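Student: Provided below for reference: sequence and predicted model.
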Amino acid sequence: MKKLMLISAAALLVSTGAMAQTTVTTTTGAGHGAAVQIEPEYRTKIRSYVTERKIRPVETREKIVVGSPVPSDVELAAVPSDWGPSLTKYRYVYSGNRVMLVDPGSRMVVQEID
């Protein structure tokens, strides 16, 4: 009986982790429930913008990740209008070969564009 309880608990733990993983990967957003939707053609424009203009990545002690604030000493760049009208309210940081969209009010990273 004890063995069955341990197996059940382990299965529950694994399934809960899998559900959390799915939720995180499918609902990347600003923390207000609003997901940042970026169409594939805009993702291509963003990658082209960064490579063609040879944007220098910022270097920080901590890795810049979705859901965390960008350090105050890191300058946020304005999002160009050709990245799509829904993104112009954000700023961006180029870090570790990734473009990170940032909410300028809270400095929180809301989306990673790889």
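Tutor: Alright, I've got the coordinates. These numbers come from a predicted model, not from an experiment.

Student: going forward, measure contacts and count neighbours with C-alpha atoms only.
Tutor: Noted.

Student: for Gln111, helix, strand, or coil?
Tutor: Classification of Gln111 using DSSP: H, G, I helix; E, B strand; the rest coil returns strand.

Student: what about the closest residue to it other than its chain neighbours, which SS state?
Tutor: For Gln111, ignoring the flanking residues on the chain, the nearest one in space by Cα to Cα, 6 or more residues apart in numbering is Leu101 at 5.1 Å. Recorded secondary structure, Leu101: strand (three-state DSSP).

Student: Leu101: what's it in contact with?
Tutor: Residues in contact with Leu101, defined by Cα atoms under 8 Å, 6 or more residues apart in numbering, are 90-93, 109-113.

Student: can you pull the pLDDT of it?
Tutor: At Leu101, the model reports a pLDDT of 95.

Student: what of Ser86?
Tutor: Ser86 is given a pLDDT of 87.

Student: do the one 4 residues further on as well
Tutor: Reading off the per-residue confidence, Tyr90 sits at a pLDDT of 96.

Student: again, but for the one 5 residues further on
Tutor: Ser95 is assigned a predicted lDDT (pLDDT) of 91.

Student: that one bridge partners, please.
Tutor: Taking DSSP bridges as the rule, Ser95 bridges to Arg98.

Student: was I right to think it contacts Ile55?
Tutor: No: with contact defined as Cα atoms under 8 Å, Ser95 does not count as touching Ile55 (9.8 Å).

Student: name the residue in those two with the higher neighbour count.
Tutor: Ser95 (18 against 13; other Cα atoms under 10 Å).

Student: residues contacting the more buried one?
Tutor: Applying Cα under 8 Å, 6+ apart to Ser95 gives the contacts 57-59, 64.

Student: dump these to CSV, plus pLDDT and distance to Gly105.
Tutor: Formatted as CSV, the contacts of Ser95 follow (pLDDT from 0 to 100; distance: Cα to Cα, whole Å):
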residue, pLDDT, distance to Gly105
Pro57, 92, 22
Val58, 93, 20
Glu59, 90, 22
Ile64, 93, 17
